[in-house]
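Q: Just a sequence and a predicted model for now, questions to come.
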Amino acid sequence: MTADAFLFWFLAIVTLGSGLSVILLSNPIYSALSLAMTMVGISALFVTLNAYFIAGVQLIVYAGAVMVLFVMVIMLFDLKSDTVAFAKGKFTGALKVASVGLLAGLVVAAIDLSKGLIGVKDGENHLVALGDMEATKSLGRILFQKYVFGFEALGVLLLVIAVGAVSLARSKGGTHEH
Amino acid sequence: MGHDIFEITVNGIKLVLIFLLMVQAVPMLVWLERRGSAFIQNRFGPNRVGPLGLLQLGADAIKFLTKENFVPTSAKKALFYAAPVFALIPGAVAFSAIPMATPVYIEAFEMFGQNWGPYRFLVQGYEIGVGIVFILGVSSLAAYTILMAGWGSGNKFSLMGALRASAQTISYELALGLSIVGVIMMFGTFNLTEMINAQQGPLTFKWMEYTVTANWLPNWGIFFQPLGALLFFTATFAESNRLPFDLAEGESELVAGFHTEYGGFKMNLFFIGEYAHMMIASGLMTVFFFGGYSIPYFSVADVQAWALSVTQSEMSASILSALLHFLSFNIKFGFFLWTFIWVRWTLPRFRYDQLMDLGWKTMLPWALANTIITAFIIYFATI
């Protein structure tokens, strides 16, 4: 086994293991910490693909900022009653069955759609050919020229989500009710 | 890592050495901090144990190691033990990516009946193309160790301290990241070594078709990005939880913040983590704004040519130039570390709302303005 293959299998096992523990652990804090570990693993996998910039941004944005906020918020709640409500009951049982069905559908569709994609490796990694700064520059050009509408729309979507979350929290029955 | 067993071994040893270098610098900094604070406050400081109180460090280490291993009953054991260990990782990994001197060239030689080399070893743990993005990404993971420690301790003061500390770290990360966007645009690279190479020679401004050269100043980043440097250095104080931003501890309100329940060697590991953040900040400050390892008024190429003329051998010339540059790096590096200590004993602590106001309402807008102005100037200067 070459060093690259070893690295890939090691990182894949770590990432998948921590990804699984996100859903298998009953304590939400451990789940959130496992999710952070998954992000770090994905970032390391990007490094093995020579996509250094994406790896760094993945670390800064997801692992370093978004997940920290999640963990912080979860730590502030008293989660004993929520854990029981989440783990038992007919409604959550139905939700679980539905999610299993959705996941199964996703897996089947992913395998079906990726036929012909897996196993094809032309040996040329285009990001390597470009170099780090050039790869980042071309990423910037693609984001801000070709897909600028989608990029801006995503920004607006995030703003809508933020406003929606605040208004939900302030509405009747919310956590910050007036 | 390398092409053959010799290169891999040397690179592995180098990683360990840089980690030890970082850990060994901590007791010296602690001594400097205690003597320095005493000097600033017109006291004596530790001066009883050994000459100048230097053996106090050894005494402290023995005390840390022999303390009782204590875990509160309400603590989550796994997290409580894991947090101090994880506190070391981001600092150590990020510090290894900072270049400290010019590479060392080793000529081909014979050993164990085999031919080896030639080799070129960098005086840094490893080189990463996107150096700065990597360092920022890894050191942003430090917030987890604080949260793990605070929540794992099962103590309200610890949790409050951890929440404060991590909220502060995330808030100042924005200003920190934005303050160096100007530097990245100016040098046009993420690579720290290339940034140092761009800061050689006398100060040279280019504006449209004019070029202004100031021979009496080195070509350092701080003359191009003074605001960026100020914002960056301020944000790193908040990132490493040092005064005037050490709200994480806040003894008067929170006992000792997230490490209230930690004692002995576990506490010591957090301490090393904090100093590691200071070292990363000082190293990056040197690289971005003060020419890195280069010696002012002498470009790296000059020094290498001089070393070659003295030693007459490429290998010893590279070693000599690496030593000189390492010394130059350490002088600048040490100055910023001293500034950290200096500021800590000079300024009082902020109130929490003042801290958040400064981060979000003052530093973030200024950092954004700096980015936009830099972008405009670069655009017009290169028309």
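A: Yes, it's here.
Q: So what's the residue count around B:Ala369?
A: 12 (other C-beta atoms under 10 Å in any protein chain shown). C-betas here are computed from N, CA, C, even on glycine.
Q: Tell me the secondary structure at it.
A: helix (DSSP: H, G, I helix; E, B strand; the rest coil).
Q: I'd like the distance from the most centrally placed residue in chain B to B:Phe121, if you could.
A: By C-alpha atoms, centre = their mean, chain B has its centre lying nearest to B:Ile280, at 1.1 Å. In this view, B:Ile280 and B:Phe121 are 22 Å apart by C-beta to C-beta, to the nearest Å.
Q: Same check on B:Ala94?
A: From B:Ala94 to B:Phe121 the distance is 20 Å (C-beta to C-beta).
Q: where does the chain dip in pLDDT?
A: Let's take chain A. Within chain A, the stretches with pLDDT under 70 are A:1, A:78-88, A:116-133, A:173-178.
Q: please go with chain B instead
A: Looking along chain B with the criterion set at pLDDT under 70, you get B:1-3, B:117, B:250-254, B:383.
Q: Count the residues that sit near A:Ser167.
A: Residues near A:Ser167, counting by other C-beta under 10 Å: 10.
Q: So it belongs to a helix, correct?
A: Yes. Under three-state DSSP, A:Ser167 sits within a helix.
Q: if I pick B:Gln96, what's in contact with it?
A: Actually, residue B:96 is Ser rather than Gln. B:Leu15, B:Ile18, B:Phe19, B:Gln124, B:Gly125, B:Tyr126 (C-beta atoms under 8 Å, 6 or more residues apart in numbering or on different chains).
Q: Make TSV out of the residues you listed and add neighbour count and secondary structure.
A: Below are those laid out as TSV (neighbours: other C-beta atoms under 10 Å in any protein chain shown; DSSP: H, G, I helix; E, B strand; the rest coil):
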residue	neighbour count	secondary structure
B:Leu15	16	helix
B:Ile18	20	helix
B:Phe19	18	helix
B:Gln124	23	coil
B:Gly125	22	coil
B:Tyr126	15	coil
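Q: circling back to that earlier point, of B:Ala94 and B:Phe121, which one has the most company?
A: With neighbours defined as other C-beta under 10 Å, B:Ala94 and B:Phe121 compare such that B:Ala94 has more, 26 against 16.
Q: State the distance from that one to chain A.
A: Look at B:Ala94 and chain A: by C-beta to the nearest C-beta, to the nearest Å, they are 11 Å apart.
Q: just B:Ile280 next, same as before
A: In terms of C-beta to the nearest C-beta, B:Ile280 sits 14 Å off from chain A.
Q: what about that residue, helix or strand, and which?
A: Using DSSP states H and E, B:Ile280 falls within helix B:264-289.
Q: Packing partners of that helix?
A: helix B:5-40, helix B:56-66, helix B:77-95, helix B:131-139, helix B:142-152, helix B:192-197, helix B:226-239, helix B:314-344 (3 or more C-beta pairs under 8 Å, 6 or more residues apart in numbering or on different chains; DSSP states H and E).
Q: For the last one, which residues meet the burial criterion?
A: It refers to helix B:314-344. Neighbour counts over helix B:314-344 (16 or more other C-beta atoms under 10 Å in any protein chain shown) mark B:315, B:317-322, B:324-326, B:328-330, B:332-334, B:336-337, B:339-341, B:344 as buried.
Q: tell me the helices in chain A, going along the chain?
A: A:3-24, A:28-48, A:52-57, A:67-76, A:80-87, A:90-113, A:126-130, A:132-141, A:148-170 (DSSP state H).
Q: of all the helices and strands packed on helix B:264-289, which lies closest to A:Leu76?
A: helix B:142-152 (9.8 Å; C-beta to C-beta).
Q: what about the residue nearest the centre of chain A, distance to A:Ala165?
A: Residue closest to the average C-alpha location in chain A (C-alpha atoms, centre = their mean): A:Met39, at 6.6 Å. According to C-beta to C-beta, A:Met39 stands 22 Å off from A:Ala165.
Q: cool, B:Ile128 as well?
A: 36 Å.
Q: between the two, which one's more packed in?
A: B:Ile128 (22 against 11).
Q: what residues does chain A put near chain B?
A: Counting by C-beta under 8 Å from any C-beta of the partner chain, chain A comes close to chain B at A:29, A:33, A:36, A:40, A:43, A:52-53, A:55-60, A:63-65, A:68-69, A:71-72, A:75-76, A:131-133, A:136.
Q: if you set the cut-off to 7 Å instead, what comes out?
A: Contact residues (C-beta under 7 Å from any C-beta of the partner chain) of chain A with chain B: A:29, A:36, A:52-53, A:56-57, A:59-60, A:63-65, A:68-69, A:71-72, A:75, A:132-133.
Q: just the buried members of those?
A: A:29, A:36, A:52-53, A:56-57, A:59-60, A:63-65, A:68, A:71-72, A:75, A:132-133.
Q: Ignoring the adjacent residues along the chain, who's closest to residue 75?
A: Let's take chain A. B:Trp151 (4.9 Å; C-beta to C-beta, 6 or more residues apart in numbering or on different chains).
Q: I was thinking of chain B, sorry if that wasn't clear
A: That would be B:Gly154: by C-beta to C-beta, 6+ apart, it lies 4.6 Å from B:Ala75.
Q: Can you verify B:Gln214 is assigned to a strand?
A: Check again: residue B:214 is Ala, not Gln. Yes. Per three-state DSSP, B:Ala214 lies within a strand segment.
Q: and it, what does it touch?
A: If a contact means C-beta atoms under 7 Å, 6 or more residues apart in numbering or on different chains, then B:Ala214 has B:Pro202, B:Leu203 as its contacts.
Q: Give me the distance between it and B:Thr204.
A: Distance from B:Ala214 to B:Thr204, by C-beta to C-beta: 8 Å.
Q: Residue of the stretch 251-383 of chain B nearest chain A, please.
A: B:Phe258 (11.5 Å; C-beta to the nearest C-beta).
Q: Only alpha carbons, please: show stretch B:191-207 as CSV.
A: The C-alpha trace of stretch B:191-207 is given here as CSV (Å, rounded to 0.1, in the frame of the first residue of the first chain):
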residue,chain,number,x,y,z
ASN,B,191,3.1,31.4,0.9
LEU,B,192,5.0,32.8,3.8
THR,B,193,8.5,32.3,2.2
GLU,B,194,7.3,34.1,-0.9
MET,B,195,6.1,37.0,1.3
ILE,B,196,9.5,37.2,2.9
ASN,B,197,11.2,37.2,-0.5
ALA,B,198,8.9,40.1,-1.6
GLN,B,199,10.2,42.2,1.4
GLN,B,200,13.8,42.4,0.3
GLY,B,201,15.9,45.5,-0.4
PRO,B,202,15.0,49.2,0.2
LEU,B,203,11.5,50.5,0.5
THR,B,204,10.0,50.8,-3.0
PHE,B,205,6.6,52.3,-3.8
LYS,B,206,5.2,51.9,-7.3
TRP,B,207,2.4,54.3,-8.3
